[in-house]
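Asker: missing the sequence, but the structure's below:
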């Protein structure tokens, strides 16, 4: 198997282009994800497992393929989520900043348009997000939180499945060049 023939993992020249989005997409999609995260679980408790702001952060960081851009997307989404959550200000900001940077760095190396890669990355970044949040809670706030491995893995799979569907929808909002 040669990577030039089957480029599931590596980019070719055409695929390394940065995806562009209209300004309203970059503003409204994260806002809708944050509002979903805050208000929908109040009425539908079974949807509380979804971490839509994280999924949106991962998507825009992967598609922009710029670590600095991913860092800013993560920081803005995380701080906006912090301002509406019950957590101390900065916890989601720090966590999503790290996720945005790492996701954009991965986007430089992998073909992130393939659904299987998106599923794996959605799972990995959810688990990584939960671990970073847990480490920050213990290290910065001194909270004695347990890291529930089985629950995190199951929720990671559910969020990854939602991420693949949402990524497909968000692909339709890209600007055509």
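Answerer: Structure received. Quick caveat: nothing in here was measured; it's all calculated off a predicted structure.
Asker: Let me see the ranges of the helices in the chain.
Answerer: 23-43, 52-64, 67-84, 91-109, 115-139, 149-171 (DSSP state H).
Asker: now residue 132, nearest residue through space, not along the chain?
Answerer: Distances taken as C-beta to C-beta, 6 or more residues apart in numbering place residue 95 nearest to residue 132, at 4.9 Å, with adjacent residues excluded. Backbone N, C-alpha and C define where each C-beta goes, glycine included.
Asker: tell me the contacts of the one you found?
Answerer: 78, 129, 132-133, 136 (C-beta atoms under 8 Å, 6 or more residues apart in numbering).
Asker: Please apply the same query to residue 80.
Answerer: 30-31, 34, 53.
Asker: Just give me the neighbour total for residue 43.
Answerer: By other C-beta atoms under 10 Å, 7 other residues sit near residue 43.
Asker: Sorry, slip of the keys, the one I care about is residue 29.
Answerer: Residue 29: 20 surrounding residues under other C-beta under 10 Å.
Asker: Verify the contact between it and residue 57 for me.
Answerer: No - using C-beta atoms under 8 Å, residue 29 makes no contact with residue 57, being 10.5 Å away.
Asker: circling back to that earlier point, out of the helices of the chain, indicate the one that is most buried.
Answerer: Mean neighbours per residue, mean count of other C-beta atoms under 10 Å, is largest over the helices of the chain for helix 52-64, with a mean of 27.
Asker: which residues are in contact with it?
Answerer: Contacts with helix 52-64, where a contact means C-beta under 8 Å, 6+ apart, come from 18-19, 21, 26, 29-30, 33-34, 36-37, 69-70, 73-74, 77-78, 80-81, 92, 96, 99-101, 103-104, 106-107, 112, 121-122, 125-126, 129, 159, 162-163, 166-167, 170, 174.
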